[in-house]
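>>> show me how the following folds:
(2 chains)
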Amino acid sequence: MNDFSVKIEDLSKSYKGVEALRGISLDVTRGEIFGFIGPDGAGKTTLFRILVSLLLPDAGHATVEGLDVVRDYRKIRKIVGYMPGRFSLYQDLSVEENLKFFASIFNTSIQENYYLIEDIYKQIEPFRKRLAGKLSGGMKQKLALSCALIHKPDVLFLDEPTTGVDAVSRKEFWEMLKRLRSWGITILVSTPYMDEAGMCDRVALMQEGAVMSINTPEGVINDHHRPLAEVRTDNMFQLVDNLVAFDGCYSAYRFGAFVHFSPKENQLEVKDLEEYLKLKGHSSIKIKMIRPGIEDCFMELMGVKDNV
Amino acid sequence: MYSEEHIIRVEDLTRKFGSFTAVDKLNFYVKKGEIFGFLGANGAGKTTAIRILCGLLLPTSGKIEVAGFDVCRQTNKVKQNIGYMSQKFSLYEDMTIAENFRFYGGIYGLSRKDIREKISYYLHKLKLEKKKNAIIKSLPLGWKQKLAFSVAMMHDPKIIFLDEPTAGVDPVTRRQFWEMIYEVASAGTTIFVTTHYMDEAEYCQRVSIMVDGRIEALDTPERLKEQFGADSMEGVFLKLARGQN
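As a prediction, this is how the structure comes out:
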């Protein structure tokens, strides 16, 4: 037995000439939270659907817990839990009925694995008689996760569980995932929110069907060598335009209350930049060298050199 | 307090569904040309409030004026003067770019000549002249997003409502989208925007945060951060969004 839960080798898939996956390869270690980070169209959903045996690849191989995703599809379906991006429970069954249904098709009962879902299910239990279709977004998400877990899967696939979810609920959701990891479940999770990469043990940054980087969140950041500064002045509206027009500018992007600026050269002369901004009429100029975040790294990897 | 420059005026807006109060006595205004961020946790009442402001749902009580018109009595006038775009509802996927423009232009009662001019104006601006007859579903998400925004702007609305306009788009496109927002705002269009990206909250001139049907905070991002002792809008949001804390 090796330590790999999921092995992916050169996996490709196209839909009517559109390449959704362009030959990707990676391994997921048993017991880790592995994040697939990327925007819509990166290929995350296609990849998950292949791994849970709902879609056939055009080329390449993949195994989940040593089982081939094409040949051993029956066995795979018994050992994985899958929460699709779109809510796909029975809207006209109640909360409790949905959970019972999923437990019974996997030959188990709610009681048997209740410890796994207790944390999550407790929060929706007061509404157990309510039809799933009448739940709020956050409650649907919790029910879907409970249903994906009720048969105690070895590997859990969560396709964009936090999309459209507010910042507070997202935080709570990730705390739940960390507790699930402690039960030994391997978790593959996809998200378009770059800041969630930091919650994973390892991540794959994806764009247009390809993997741009596979590393720990720390590792992704350590691989980013270009100097980066956050800049703030009294005139944030003009700042991006002015920075892009600066001679030594590699990139300038808005980041919350700041603009993140990277120079072309490997060093940034803060004084020069400050003088330039003064000339452009800015005051209260603050320039500070910073460590990049995952989003900075993602944009660098996308290879877009100029703003807009 | 109110002046001509207030393009949205909301006084004591309440909306109940049966015994449940989704929106509870909202009072706020939005200035002309302002970029106004409308934040809140899922289920806080944002969608209900937006639907009322757009004339799609009547309030239980309250006095609401949008673009100078009463949302209860002059609903059609309101609709003619606003634009709406969201991640979920934007363009018809099976129609071409030009067909979408013509369709929406027709709905808003633009003349054929105006529609032609708008199509060439926006396609030129987006550098998509050659793609005029491309089917929407064949386009990358980033383009769709910018096209949907352009279509929503086609009838020169006074206010544009953007409901999570950047959900799921890549980080570069997200920023390009905000540059478009700044551009139309500086030309005088008012922007009313919701988002779950807290960095985008910082791009707004003023931000309101709804909790359990009420506006719990409303100010510039700078002052909100000061008020709640947070160094980012995410910090402000985390402090506020769970009502009990």
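>>> how about the longest helix along chain B: buried residues?
In terms of residue count, the longest helix belonging to chain B (DSSP state H) is helix B:171-186. By 16 or more other Cβ atoms under 10 Å in any protein chain shown, the buried positions in helix B:171-186 come out as B:171-178, B:180-182, B:184-185. No exception for glycine: its C-beta is placed from N, CA and C like everyone else's.
>>> check the offset of it from the chain's centre.
13 Å (Cα atoms, centre = their mean, to the nearest Å).
>>> who touches that helix?
A:39, A:194, A:237, A:240, A:253-254, A:295, A:298-299, A:302, A:304, A:307-308, B:33-35, B:141-142, B:145-146, B:149, B:153, B:160, B:162, B:165-166, B:169, B:191, B:193, B:197, B:200, B:203 (Cβ atoms under 8 Å, 6 or more residues apart in numbering or on different chains).
>>> got the buried residues of helix B:171-186 as JSON lines, with pLDDT columns?
As requested, the buried residues of helix B:171-186 are exported to JSON lines (pLDDT from 0 to 100):
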{"residue": "B:P171", "pLDDT": "94"}
{"residue": "B:V172", "pLDDT": "91"}
{"residue": "B:T173", "pLDDT": "91"}
{"residue": "B:R174", "pLDDT": "93"}
{"residue": "B:R175", "pLDDT": "93"}
{"residue": "B:Q176", "pLDDT": "92"}
{"residue": "B:F177", "pLDDT": "93"}
{"residue": "B:W178", "pLDDT": "94"}
{"residue": "B:M180", "pLDDT": "93"}
{"residue": "B:I181", "pLDDT": "95"}
{"residue": "B:Y182", "pLDDT": "92"}
{"residue": "B:V184", "pLDDT": "94"}
{"residue": "B:A185", "pLDDT": "94"}
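>>> show the contacting residues for A:R77.
A:R77 touches A:52-53, counting by Cβ under 8 Å, 6+ apart.
>>> pretty sure it is in a helix, no?
Yes: using DSSP: H, G, I helix; E, B strand; the rest coil, the assignment for A:R77 is a helix.
>>> which regions of chain B sit below the pLDDT cut-off?
For chain B, the stretches with pLDDT under 70 are B:1-4, B:88-89, B:243-245.
>>> so which bits of it are right by chain A?
For chain B, the contact set with chain A under Cβ under 8 Å from any Cβ of the partner chain comprises B:40-43, B:140-141, B:164, B:167-173, B:175-176, B:178-179, B:182, B:186, B:196-199, B:202-203, B:221-222, B:232-234, B:237-238, B:241-242.
>>> now that we have the residues you listed, which of them are buried?
Counted by 16+ other Cβ under 10 Å, the residues of chain B next to chain A give B:40-43, B:164, B:167-173, B:175-176, B:178, B:182, B:196-199, B:202-203, B:221, B:232-234, B:237-238, B:241 as buried.
>>> in strands, which of those fall?
Using DSSP state E, the subset of these located in strands is B:G40.
>>> now do the helices in chain B.
Using DSSP H, helices in chain B cover B:46-53, B:75-80, B:97-107, B:112-125, B:141-153, B:171-186, B:198-201, B:221-227, B:233-240.
>>> my read is that B:L57 contacts B:A49, right?
No: between B:L57 and B:A49 there is no contact under Cβ atoms under 8 Å: 9.3 Å.
>>> of these two, who's got more company?
Each of B:L57 and B:A49 has its neighbours counted (other Cβ atoms under 10 Å in any protein chain shown); B:A49 has more, 27 against 16.
>>> excluding its backbone neighbours, what's nearest that one?
If the residues on either side of it in the chain are set aside, B:A49 comes closest to B:V23, at 5.3 Å by Cβ to Cβ, 6 or more residues apart in numbering or on different chains.
>>> roughly how far does that neighbour sit from B:G213?
5 Å (Cβ to Cβ, to the nearest Å).
>>> who's in contact with the residue nearest to the spatial centre of chain A?
Centroid check for chain A by Cα atoms, centre = their mean gives A:T191 as the closest residue, at 2.6 Å. Shown in contact with A:T191 (Cβ under 8 Å, 6+ apart): A:35-37, A:160-163, A:197.
>>> bridged to it, which residues?
A:I37 (DSSP bridges).
>>> gap between A:N107 and A:I150?
Counting by Cβ to Cβ - A:N107 and A:I150 are separated by 11 Å.
>>> these two touch, right, the residue nearest to B:A49 and B:T47?
No: the criterion here is Cβ under 8 Å, and B:V23 misses it with B:T47 at 9.9 Å.
>>> between the two, point out the one with more neighbours.
Here B:V23 and B:T47 are compared on neighbour count by other Cβ under 10 Å; more neighbours surround B:V23, at 27 against 17.
>>> distance of the more buried one relative to A:V69?
48 Å.
>>> likewise for A:Y114?
Counting by Cβ to Cβ, the gap from A:Y114 to A:V69 is 30 Å.
>>> ok, these two, which is more surrounded?
The neighbour count for A:Y114 versus A:V69, taken as other Cβ under 10 Å, is higher for A:V69 (25 against 13).
>>> for the more buried one, give me its contacts.
A:50-53, A:57, A:61-63, A:76.
>>> could you work out the most separated pair of those residues?
A:V52 and A:H61 (15.3 Å; Cβ to Cβ).
>>> quick one: which of these two has more around it?
A:V52 (21 against 15).
>>> mind checking which helix or strand the residue lying closest to the more buried one once chain neighbours are set aside is in?
Once flanking residues are discounted, A:V52 sits nearest to A:Y82: 4.6 Å by Cβ to Cβ, 6+ apart. Following DSSP states H and E, one finds A:Y82 within strand A:80-83.
>>> tell me the helix or strand right after that strand.
helix A:95-105.
>>> now do the buried residues in that following helix.
Buried residues in helix A:95-105 (16+ other Cβ under 10 Å): A:95-100, A:102-103.
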